[in-house]
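>>> Fold the following, please.
(chains A, B, C and D)
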There are 2 protein chains.
Amino acid sequence: MSGTGGAMSGTAGGANLLALRSHNTALVLGLLRAAGDEGVSRLELAARTGLTPQAVSKITARLRMDGLAVQAGRRASTGGKPPTLLRLVPQARHAVGVHLDRDELRTVLVDLVGTVVGERSTPLNLGAGAQAVVEAVAREAEGLVTDVLPPSGSAGSGTPTAALAAAGSLLGLGVALPGPLDHTRGVLHRVTGFPEWDGFPLRDTLARRLGAPVVVDKDTNAAALGLAVGGESGSFSYLHLGTGLGAGLVIGGTVHRGPRTGAGEFGHQVIQLDGPPCTCGNRGCIEALCLGAVARGAYGEAARVLGEGAANLAGLLDIDLVLLGGRTVAAAPDAFADGVAAVLAARARREGGAEGAVPVRIAPGGARAVAEGAAQLLLAPLFGRPDH
Amino acid sequence: MSGTGGAMSGTAGGANLLALRSHNTALVLGLLRAAGDEGVSRLELAARTGLTPQAVSKITARLRMDGLAVQAGRRASTGGKPPTLLRLVPQARHAVGVHLDRDELRTVLVDLVGTVVGERSTPLNLGAGAQAVVEAVAREAEGLVTDVLPPSGSAGSGTPTAALAAAGSLLGLGVALPGPLDHTRGVLHRVTGFPEWDGFPLRDTLARRLGAPVVVDKDTNAAALGLAVGGESGSFSYLHLGTGLGAGLVIGGTVHRGPRTGAGEFGHQVIQLDGPPCTCGNRGCIEALCLGAVARGAYGEAARVLGEGAANLAGLLDIDLVLLGGRTVAAAPDAFADGVAAVLAARARREGGAEGAVPVRIAPGGARAVAEGAAQLLLAPLFGRPDH
DNA sequence: GCACTTTGGCAACAGCGTTGCGAAAGTGGA
DNA sequence: TCCACTTTCGCAACGCTGTTGCCAAAGTGC
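Numbers count the residues shown, from 1 in each chain, chains lettered A, B, ... in the order given. Next up is the predicted model:
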């Protein structure tokens, strides 16, 4: 009921005591999540947050009262009283993640630590009109929630999601979809290939329909957020190569969207002046060169092009890691990973850094990654940004 | 004596009451600076920070007691008691900014609002050895400070800068220089052309020598910071084209340095696969193409290349503005500004945005810009990040 | 069994922004 | 000229934050 979080939005940065509490609580929650099943002691939390042990005790007492954390055994003594371990209660909160793709609607229900506890998917034509799509999303989400979560007994007014949101268990719905959009206002812009969506207020429409909070974001950003929560730390870039090429940027543990949610426009970076024409009307875009090579079966060349683009990005932003994903990458993961890594290694060698090249990996998660990341749009605000 | 600021570094994000006060004080100071000579009323500060008027009154009372702010007249009434205006006292604090270039040492003394109150410059060979360079910087800084600031009477122990730093008027010294370095630890890495600097702990050496805090950063980052403080808001990129090509990135009002202070590697972005060789050993770098065109007198082509790179950057990060600077740009400012703007406009038109292209401007400040920005390395932490 | 270490809670405390209230200083109408 | 009203801003009391001092609990090691 009381709940945590809720950073006074709207204000211009002035922090009051409530914001202070939210901040520290989120920080502790983040460390609890990172500790996983093993748990953490209060003193460890104090050392890692910089707070005093007593402050941590107060904060964790609130968390235990809210049902978000429990005591779970104790660790072996190191010469004194053995530390009591604290652990997150994954079932305390849930969020729905929706991946609205061009031809498919995938929905997951995720608990506090990110574990998928329910999943659905159904074919969907994004061009079927706003009304139909909104209704399909609502139907899938409602079905998933009522299947998996027990309806909270009383207060049955409105929809099931509304009831669960009111009870505090369901945090809301995260929706990820391709194409430009306004993350802050939840309004779509020119979804590629479906001009009828231009200007549609998806967030508010869905929120009214479901009676629960809704957050909207680009698919690549959601995937990047999911990876950031899933253990990748620091700054990295997620490059998604499917029918198009896009990037999700995580800088210091936070998804960088830019003022207009326009960041991550990677596919149409020009990497070959006066090169072959691209569908966007320009010439020499990474996307055109890369997908052109894929169409010819020249995966090595495609990987090299992608690698040069990744090296440009890594040098510009000084990131720690490059993750590759998407259907086209999945068709030849080793070829892409090795080819991109080779370019990054060569560039690092030339620039003389003894610190080694930026590592490259295939992003885990598969087809469900975007939907899981979409759910994190609601979960992530509960947990503070990790260190660095 | 009491002083403001000082954000508990070392801790991992845990915020206590002192940090809360620092944050809100910095926010108010930032708004006072933005208001300039006109001043701001307490209620305006309250509205913009989101704090209550009473909290603002307490904060500004502390600032007035510390000598950082004064009351300055009142505005016309709007039907009630006329608001009392508050104004920053520029002379309350100072900082030294040092630009260590390859062939010149430029030093400025700057007051709280960024006004240059003293300036020196002298030829310098960066390759003359660490000892000589450190001594030259110390001599220039000491000379500048004792010329302009009155030595604070008593407590004459140590150097003049140490005495002023102890008295609280001099915040310290900001040093900007080319080449890779570690901003966090203040250690240099492979200054281009001067391998003897590799690993030199410039910050600690200078801090000990002068008895005052020292902050070290890349020249492009310092220039970008100076522009951010000087009125440019939001996210922008400063492209510096001199004997090399580098970029300073400001994202959301903050300089983005990356975990290793390596961000902004713009000159060696590959923009022409298998293009002409570059000094770095790679092929088709923007720097090689751009400076090659400049050497041939082909400014239009140089601007086009720079523009494609700027467009790549603007698309990737969704920035609001591109600023151009450096000696090579200064040689033909209109050609570069127009050429870059043309590319950005063409790209925006193709990608269908009705919102218009990213604007391009020549960065103000001239040859003194880097030194002024270096001084801001110490001033900026006093003022909170502006909105958005 | 005793000294020691380590953990963590209870109570009192200082300091933050907030609230309630009133004084100061104007405007504008009767 | 007077009075009602608005707006600004400070004083005092308050609630809440993290902090400090102190003590109980629960182990280890001699």
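>>> Which residue is the nearest non-sequential neighbour of A:Ile251?
Distance criterion C-beta to C-beta, 6 or more residues apart in numbering or on different chains; nearest residue to A:Ile251, sequence neighbours excluded, is A:Ser235 at 4.9 Å. Any C-beta I mention is one placed from the backbone N, CA and C, and that applies to glycine too.
>>> Can you check the pLDDT for the one you found?
pLDDT, A:Ser235: 93.
>>> how would you label A:Gly118: helix, strand or coil?
strand (DSSP: H, G, I helix; E, B strand; the rest coil).
>>> let me redo that: A:Leu109
Put simply, A:Leu109 is strand when judged by three-state DSSP.
>>> do you know how far the residue nearest to it when sequence neighbours are not counted is from A:Thr146?
Of all residues not flanking A:Leu109 in the chain, A:Gly118 sits nearest, at 3.7 Å (C-beta to C-beta, 6+ apart). Here the criterion is C-beta to C-beta, to the nearest Å. By it, A:Gly118 lies 10 Å from A:Thr146.
>>> and what of A:Gly242?
According to C-beta to C-beta, A:Gly242 and A:Thr146 sit 32 Å apart.
>>> the more surrounded of the two?
Taking neighbours as other C-beta atoms under 10 Å in any protein chain shown, A:Gly242 and A:Thr146 compare with A:Gly242 leading, 18 against 15.
>>> Would you agree that one is in contact with A:Leu324?
No: A:Gly242 is not in contact with A:Leu324 according to C-beta atoms under 8 Å; the separation is 11.3 Å.
>>> separation between the residue nearest the centre of chain A and A:Thr161?
Nearest to the geometric centre of chain A sits A:Leu225, at 2.3 Å (C-alpha atoms, centre = their mean). According to C-beta to C-beta, A:Leu225 and A:Thr161 sit 22 Å apart.
>>> same question, A:Leu27
Distance, A:Leu27 to A:Thr161, using C-beta to C-beta: 29 Å.
>>> Compare these two (neighbour count), which wins?
A:Leu27 (26 against 23).
>>> all helices for the stretch 201-350 of chain A, in order.
A:202-210, A:219-229, A:286-295, A:299-317, A:327-331, A:333-350 (DSSP state H, counting those that start in this stretch).
>>> Is the last one in proximity to chain B?
Yes: judged by C-beta under 8 Å from any C-beta of the partner chain, helix A:333-350 and chain B are in contact via A:347, A:350.
>>> okay, that helix in CSV with CA atoms only?
Taking Å, rounded to 0.1, in the frame of the first residue of the first chain, the C-alpha atoms of helix A:333-350 are listed here in CSV:
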residue,chain,number,x,y,z
PRO,A,333,26.5,-15.4,-34.6
ASP,A,334,30.1,-16.5,-34.7
ALA,A,335,30.8,-14.8,-38.0
PHE,A,336,29.4,-11.5,-36.8
ALA,A,337,31.0,-11.7,-33.3
ASP,A,338,34.4,-12.7,-34.7
GLY,A,339,34.3,-10.2,-37.5
VAL,A,340,33.3,-7.3,-35.3
ALA,A,341,35.8,-8.2,-32.7
ALA,A,342,38.6,-8.3,-35.3
VAL,A,343,37.9,-4.8,-36.4
LEU,A,344,37.8,-3.5,-32.8
ALA,A,345,41.0,-5.3,-32.0
ALA,A,346,42.8,-3.9,-35.0
ARG,A,347,41.6,-0.4,-34.2
ALA,A,348,42.8,-0.7,-30.5
ARG,A,349,46.2,-2.0,-31.6
ARG,A,350,46.7,1.0,-34.0
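>>> and the closest residue to A:Ala314 other than its chain neighbours, backbone torsions?
Counting by C-beta to C-beta, 6+ apart, A:Val358 is the residue found nearest to A:Ala314 once chain neighbours are left out, at 4.6 Å. Dihedral angles of A:Val358 (phi, psi; degrees, to the nearest 10) stand at phi -70, psi 130.
>>> do the same with A:Ser233
According to degrees, to the nearest 10, A:Ser233 has phi -110, psi 170.
>>> Give me the number of neighbouring residues for it.
Using other C-beta under 10 Å, the number of residues around A:Ser233 comes to 15.
>>> Tell me the residues on chain A that lie near DNA strand C, please.
Counting by C-beta under 7 Å from any atom of the strand, chain A comes close to DNA strand C at A:15-17, A:41-43, A:53-54, A:57, A:61, A:74, A:78-84.
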